[in-house]
Structure formats: structure tokens, C-alpha cells
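Chemist: fold the stuff below for me.
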Amino acid sequence: MTFAKMGEYDSTGTYFTENDKKVIKEEMLKMVKDKNENMREMTVMGLGYFGDISNIPILNEIKISDPYLVNGKYFVVRMKAEEAINNIMKR
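Modeler: Next up, the predicted model:
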């Protein structure tokens, strides 16, 4: 199941309890500083679906400072952080 689909179920209140959502966010917030860039990317994407407005400061920090650069051009994790912020703001 993708984060988007999980987030969709979450928005209906039929999939995750409030405590589940709290645990998911807490775990993701621990993983945003992982050494592995793929883990950071997936975690930031997940926060876009499970995070809330209180997570925007950390996402803004990632958006301006994550070091992962692909092909010398693309800061993938930074771009995913911006998308996550946009997802949160849409709700």
C-alpha cells in the first residue's frame, strides 16, 4: 500500500486510529535524519500524508538543507519536502 493510499484511508477515519497516526508521525520524524537518502525521501513523502501543520518547520529545514543531489542537478529529498508541505497545506 502506498503512502498516498494510506493517507486516503486515513482521511476517511476508517483505517488508522488517532494513536496509530501519532505513532506513525513520531517514527517518521525520527527517520527524516537517516543517513540513507532513500529512507529520507520516503519518510518526507510519508509526512506529506500523515504529517500536519506542526511538521512544516522540519520539512522547511529539509527543503533548504538536505544534501542528496542526483546527477549534480536535482535535490530529490528537498523537492519531496516541498511536495509534502503542499500536501499538508491542502488539507
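
Chemist: CA only for contacts and neighbour counts going forward, please
Modeler: Noted.

Chemist: for the residue lying farthest from the centre of the chain, helix, strand, or coil?
Modeler: Here the centre of the chain is the reference, and by Cα atoms, centre = their mean the most remote residue is residue 72, at 23.3 Å. Put simply, residue 72 is coil when judged by DSSP: H, G, I helix; E, B strand; the rest coil.

Chemist: what does it show for phi and psi?
Modeler: phi 70, psi 10 (degrees, to the nearest 10).

Chemist: from residue 43, how far out is it?
Modeler: As for residue 72, its distance to residue 43 is 22 Å (criterion: Cα to Cα, to the nearest Å).

Chemist: grab the nearest non-local neighbour of residue 44.
Modeler: residue 81 (5.7 Å; Cα to Cα, 6 or more residues apart in numbering).

Chemist: wasn't that neighbour part of a helix?
Modeler: Yes: assessed with three-state DSSP, residue 81 lies in a helix.

Chemist: if I pick it, what's in contact with it?
Modeler: 44, 45, 48, 59, 60, 62, 63 (Cα atoms under 8 Å, 6 or more residues apart in numbering).

Chemist: which of the residues you listed fall in strands?
Modeler: Using DSSP state E, no member of the contacts of residue 81 falls in strands.

Chemist: let me have these in JSON lines, adding pLDDT, distance to residue 36 and neighbour count as columns.
Modeler: Output for the contacts of residue 81, formatted as JSON lines (pLDDT from 0 to 100; distance: Cα to Cα, whole Å; neighbours: other Cα atoms under 10 Å):
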{"residue": "44", "pLDDT": "96", "distance to residue 36": "12", "neighbour count": "30"}
{"residue": "45", "pLDDT": "93", "distance to residue 36": "15", "neighbour count": "24"}
{"residue": "48", "pLDDT": "92", "distance to residue 36": "19", "neighbour count": "26"}
{"residue": "59", "pLDDT": "98", "distance to residue 36": "17", "neighbour count": "27"}
{"residue": "60", "pLDDT": "98", "distance to residue 36": "19", "neighbour count": "15"}
{"residue": "62", "pLDDT": "98", "distance to residue 36": "14", "neighbour count": "21"}
{"residue": "63", "pLDDT": "98", "distance to residue 36": "16", "neighbour count": "22"}
